[in-house]
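Visitor: What follows is a protein structure lacking sequence information:
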């Protein structure tokens, strides 16, 4: 069979080197398939210092059919299983390494990006040349929807913080999807509304609260969106630097350092290299004047 394929490709005027490379890749794929068959169905991958569970395709599909386990508030989590499967089938899948820009601020593009695995950061350029961290997006989130719906230039840059997998969806297919699934259109509106509310609340925080309370509110929200329960409290599985936290909170890095030191002294949080563990979430919510439904 391989000999016939080799002769066929040569007849199609493929160069001998290209044919040899193709056959080598095919052989490598077969070896990986054989050796991979004996592995357990779940593997652990480390994305930027965070542990993420990778499932084999058939197990991931089973998860989808059973309702999914996407992070709370993400677009995929909001959809019914059947609608979710339809959306996941619309795009072209890509896998990229850390540091890959998937959306460029200012460019005139209209495709959407549906994140499936990995962590990304959303940044915008400031007049002084620095970048402001606007938000973090995880598997299940939809980004780029604004330009897809209004044909305006991209308002921010989206960059992967670790290895990531996502789907690129063309706007015409997405608009057709929304027409055929009006519930999804309502959930999209709800998602955009939530993001607008979050943005407005950040503006209020910047003008109404001291830095320590801003940090408490942001960290409490990160517990909900990126937290996992650990033996000593809620671990925020995001490799967040102090400059990143400073841009989110609208404060200087020195002020962030002081606020974190005070939160540690109060017994509310522990900080490690780019990782925060919340030891007393109820106390942190109280400090940040947050109701349980707000964070």
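Guide: Happy to help now that I have it. Computed from a prediction, not measured in an experiment: that's the story for all the values here.
Visitor: what's the longest helix along the chain packed up against?
Guide: In the chain, assigned by DSSP state H, the helix with the most residues is helix 182-208. Helix 182-208 makes packing contacts with helix 75-78, helix 81-88, strand 131-138, helix 171-180, helix 211-226, helix 242-249 when contacts are defined by 3 or more C-beta pairs under 8 Å, 6 or more residues apart in numbering; DSSP states H and E. All C-beta spots, glycine's among them, are computed from the backbone N, C-alpha and C.
Visitor: chain center to the shortest one, what's the gap?
Guide: Centroid separation for helix 75-78 versus its chain: 13 Å, with C-alpha atoms, centre = their mean, to the nearest Å.
Visitor: now do the last one
Guide: Put simply, helix 242-249 sits 18 Å off its chain's centre (C-alpha atoms, centre = their mean).
Visitor: Beyond it, next helix or strand please.
Guide: helix 253-265 (DSSP states H and E).
Visitor: quick one on the thing from earlier: just so I know, which of the helices and strands packed on helix 182-208 lies nearest residue 96?
Guide: Of all the helices and strands packed on helix 182-208, it is strand 131-138 that lies closest to residue 96, at 14.1 Å by C-beta to C-beta.
Visitor: Mind listing what's buried along the closest one?
Guide: For strand 131-138, burial by neighbour count (16 or more other C-beta atoms under 10 Å) applies to 131, 133, 134, 135, 136, 137, 138.
Visitor: With respect to pLDDT, which of these ranks lowest?
Guide: The member of the buried residues of strand 131-138 with the lowest pLDDT is residue 133, and it reads 74.
Visitor: List the beta-bridge partners for that one.
Guide: residue 123 (DSSP bridges).
Visitor: I'd guessed it sits against residue 242; true?
Guide: No: the pair residue 133 / residue 242 is not scored as a contact, 11.4 Å apart, by C-beta atoms under 8 Å.
Visitor: contact partners of stretch 226-235?
Guide: Stretch 226-235 has contacts (C-beta atoms under 8 Å, 6 or more residues apart in numbering) with 71, 136, 138, 223, 236-238, 270, 275-281.
Visitor: 10 Å instead?
Guide: Contact partners of stretch 226-235, identified using C-beta atoms under 10 Å, 6 or more residues apart in numbering, comprise 50-51, 71, 119, 136, 138, 219-224, 236-238, 240, 268-270, 272, 275-281, 284.
Visitor: from the chain's centre, how far out does that stretch sit?
Guide: 19 Å.
Visitor: Let me see the ranges of the helices in the stretch 1-150 of the chain.
Guide: For the stretch 1-150 of the chain, the helices defined by DSSP state H, counting those that start in this stretch occupy 2-11, 16-36, 57-65, 75-78, 81-88, 145-150.
Visitor: count of residues packed around residue 153?
Guide: By other C-beta atoms under 10 Å, 12 other residues sit near residue 153.
Visitor: Can you verify it is assigned to a strand?
Guide: No: Residue 153 is assigned coil when assessed by DSSP: H, G, I helix; E, B strand; the rest coil, not a strand.
Visitor: need the contact list for it.
Guide: 104, 105, 106, 107, 108, 109, 146, 147.
Visitor: let's see 8 Å
Guide: Taking C-beta under 8 Å, 6+ apart as the test, what residue 153 contacts is 105, 106, 107, 108, 147.
Visitor: Same question for residue 179.
Guide: residue 185.
Visitor: Could you report the distance from it to residue 158?
Guide: Between residue 179 and residue 158 the computed distance is 26 Å (C-beta to C-beta, to the nearest Å).
Visitor: Can you report phi and psi for residue 232?
Guide: Backbone geometry at residue 232, expressed as degrees, to the nearest 10, gives phi -110, psi 10.
Visitor: Much appreciated, bye for now.
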